[in-house]
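K.L.:
Based on what follows, work out the 3D shape:
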Amino acid sequence: MRTIRLMKLIPALVLAITLMPATALAQFGGGASLVEIGEARLITMAPTMQVAGTVISRSDAYLSAEVEGRLTLVAEVGTRVDTGDELARIEDVSLRLRVQELEAEVTRAEARLTFLSAELARFERLAETNLAAVSQIDQTRSERDIAAGDITVTRSRLEQARDQLERTVIRAPFPGVVAERAVQAGERVAIGGRVVRLVNPAHLEVVARAPLSFYRYVRPGDELAVVVGEDSVESPVRTVVSVGDEARHVFELRLDMSEPLPVGQTVRVTIPTADVREVLAVPRDALVLRGDGIAVFVVDEERKAQRIRVTTGIGSGEMIEVRGPIQPGDKVVVRGNERLRPGQEVRLGEGRGA
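P.N.:
Purely as a prediction, here's the structure:
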């Protein structure tokens with residue numbers, strides 16, 4: 001009975017094997033294995049390390065009161081403003097009254113100056129007929145000059161009062177969003193007291209600090225990788241500050257950031273730790289790690305996979321340096337290399353390297 005059952009199962013087994021995909025057949029040692037390939041090539045690369053960085057705004061300011069008084073208005077946190085928009089207002093009654101008082105003093109001083117100028121002209125005409133004393137002319141001229149000086153002083157005081165009146169309104173020096181209110185409407189502030197914090201979330205940069213020993217390898221204009229979570233963006237170095245101290249032997253670098261990241265976001269900045277050099281590199285996915293070491297599979301002209309032992313060096317992004325009997329331009333397997341055997345025939349898939 002057992003022999004009869006086995007004979008009945010053989011046709012079904014043969015049919016199942018016939019219908020199996022080529023990739024599955026390859027796993028059993030039959031047919032070519034489906035793979036994707038990349039290329040070994042010479043590229044310039046340098047060893048790197050990652051340092052912590054923080055996203056900051058280049059336009060981030062605490063705006064303070066420039067006159068003393070009681071606040072009548074303070075913008076809410078989260079308010080978006082443009083340059084020149086009102087952020088806070090200080091009570092201005094006494095300053096407006098002071099401006100009115102000085103305007104009246106200017107009017108009075110101008111009237112006196114006009115009168116003295118006319119008097120001086122009249123005395124000078126009388127002097128032509130010897131009807132006016134020289135001392136009287138000199139006195140009138142002196143009073144006229146004093147009146148002219150008084151007008152200048154009063155006008156200056158008036159302009160100062162008007163300037164103080166304008167400063168009762170705190171305006172945005174740049175576009176941004178109100179990130180913090182230091183005081184509330186109704187509170188009294190002194191000159192220099194903080195009122196609001198304004199931040200421009202669109203004008204960003206990354207600030208990072210790295211060991212001073214690597215300072216010579218980072219230059220303004222270099223494109224460095226900034227890693228945010230699982231993503232990486234290339235950002236140019238805006239400036240490098242080569243100033244350390246006894247406590248922290250680090251230098252500061254700042255990179256322009258065009259990505260819309262939140263201010264305060266922690267990032268990792270990849271910096272070079274040696275000079276750039278030319279190396280032979282392959283995609284990282286080409287590496288096969290087994291018990292006897294690291295290897296890559298190179299596809300030869302007959303489309304057979306040859307296993308090549310290599311050692312690795314520095315890496316950058318998806319590429320990594322390899323050393324061994326491998327040449328620039330060699331086709332290396334980057335997908336489907338986990339189950340390959342030396343000398344096994346391969347066929348190219350529709351992805352990379354097809």
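K.L.:
Indicate each strand paired with the one helix or strand residue 236 maps to and its parallel or antiparallel sense.
P.N.:
With the criterion set as DSSP states H and E, the secondary-structure element containing residue 236 is strand 231-241. Looking at strand 231-241 with DSSP bridges, its partner strands are strand 223-228 (antiparallel), strand 250-257 (antiparallel).
K.L.:
Looking at the ones you listed, which is nearest to residue 325?
P.N.:
strand 223-228 (31.0 Å; Cβ to Cβ). C-beta: built from backbone N, CA, C; applies to glycine.
K.L.:
distance between the closest one and the chain's centre?
P.N.:
Relative to its chain's centre, strand 223-228 lies at 11 Å (Cα atoms, centre = their mean, to the nearest Å).
K.L.:
Contacts made by it with the rest, please.
P.N.:
Contacts with strand 223-228, where a contact means Cβ atoms under 8 Å, 6 or more residues apart in numbering, come from 50, 53, 206, 218, 232-237, 255, 257, 259, 261, 265, 267-271, 317.
K.L.:
ok, now which ones touch residue 221?
P.N.:
Counting by Cβ under 8 Å, 6+ apart, residue 221 makes contact with 236, 237.
K.L.:
That one falls within a helix, correct?
P.N.:
No. Counting by DSSP: H, G, I helix; E, B strand; the rest coil, residue 221 is not part of a helix but coil.
K.L.:
Report the separation between it and residue 253.
P.N.:
From residue 221 across to residue 253, the span is 12 Å (Cβ to Cβ, to the nearest Å).
K.L.:
For those two, list the residues in contact with both.
P.N.:
Shared contacts of residue 221 and residue 253 (Cβ under 8 Å, 6+ apart): residue 237.
K.L.:
Mind telling me what element residue 121 is part of?
P.N.:
helix 93-127.
K.L.:
Name the residues of that helix that are buried.
P.N.:
By 16 or more other Cβ atoms under 10 Å, the buried positions in helix 93-127 come out as 95, 98-99, 102, 105-106, 109-110, 112-113, 116, 119-120, 123.
K.L.:
okay, the angle between the helix or strand just after it and helix 93-127?
P.N.:
Using DSSP H and E, the helix or strand that follows helix 93-127 towards the C-terminus is helix 134-166. If you take axes from the mean of the first three to the mean of the last three Cα atoms, to 10 degrees, helix 134-166 sits at 160 degrees to helix 93-127.
K.L.:
Following the chain past helix 134-166, name the next helix or strand.
P.N.:
Next helix or strand after helix 134-166 toward the C-terminus (DSSP H and E): strand 169-171.
K.L.:
ok, back up a step: need the residues that contact the strand holding residue 236.
P.N.:
The contact list for strand 231-241 (Cβ under 8 Å, 6+ apart) reads 205-206, 215, 218-226, 251-259, 317.
K.L.:
Mark which of those residues are buried, thanks.
P.N.:
Among the contacts of strand 231-241, those buried by neighbour count (16+ other Cβ under 10 Å) are 205-206, 215, 218, 222, 224-226, 251, 253-255, 257.
K.L.:
And those, which two are furthest apart?
P.N.:
Farthest apart among those by Cβ to Cβ are 215 and 257. That separation is 21.4 Å.
K.L.:
Return the residues in contact with residue 161.
P.N.:
95, 98, 99, 102.
K.L.:
run the last query once more with 10 Å
P.N.:
Shown in contact with residue 161 (Cβ atoms under 10 Å, 6 or more residues apart in numbering): 95, 96, 97, 98, 99, 100, 101, 102, 103.
K.L.:
ok, the second one touching residue 102?
P.N.:
No. With contacts counted by Cβ atoms under 10 Å, residue 96 stays clear of residue 102, the gap being 11.1 Å.
K.L.:
overlap in contacts of those two?
P.N.:
In terms of Cβ under 10 Å, 6+ apart, residue 96 and residue 102 are both contacted by the residues 161, 162.
K.L.:
hmm, back to that, for the strand holding residue 236, what is the distance to the chain centroid?
P.N.:
With Cα atoms, centre = their mean, you get 8 Å for strand 231-241.
K.L.:
Over to stretch 283-290?
P.N.:
When distances are taken as Cα atoms, centre = their mean, stretch 283-290 is centred 35 Å away from the chain's centroid.
K.L.:
buried stuff in that stretch?
P.N.:
Within stretch 283-290, the residues that count as buried by 16+ other Cβ under 10 Å are 283, 285, 286, 287, 288.
K.L.:
distance of the first one from residue 301?
P.N.:
So the one you mean is residue 283. Taking Cβ to Cβ, one finds residue 283 at 21 Å from residue 301.
K.L.:
Helix, strand or coil: sort out residue 214 for me.
P.N.:
Per three-state DSSP, residue 214 ends up helix.
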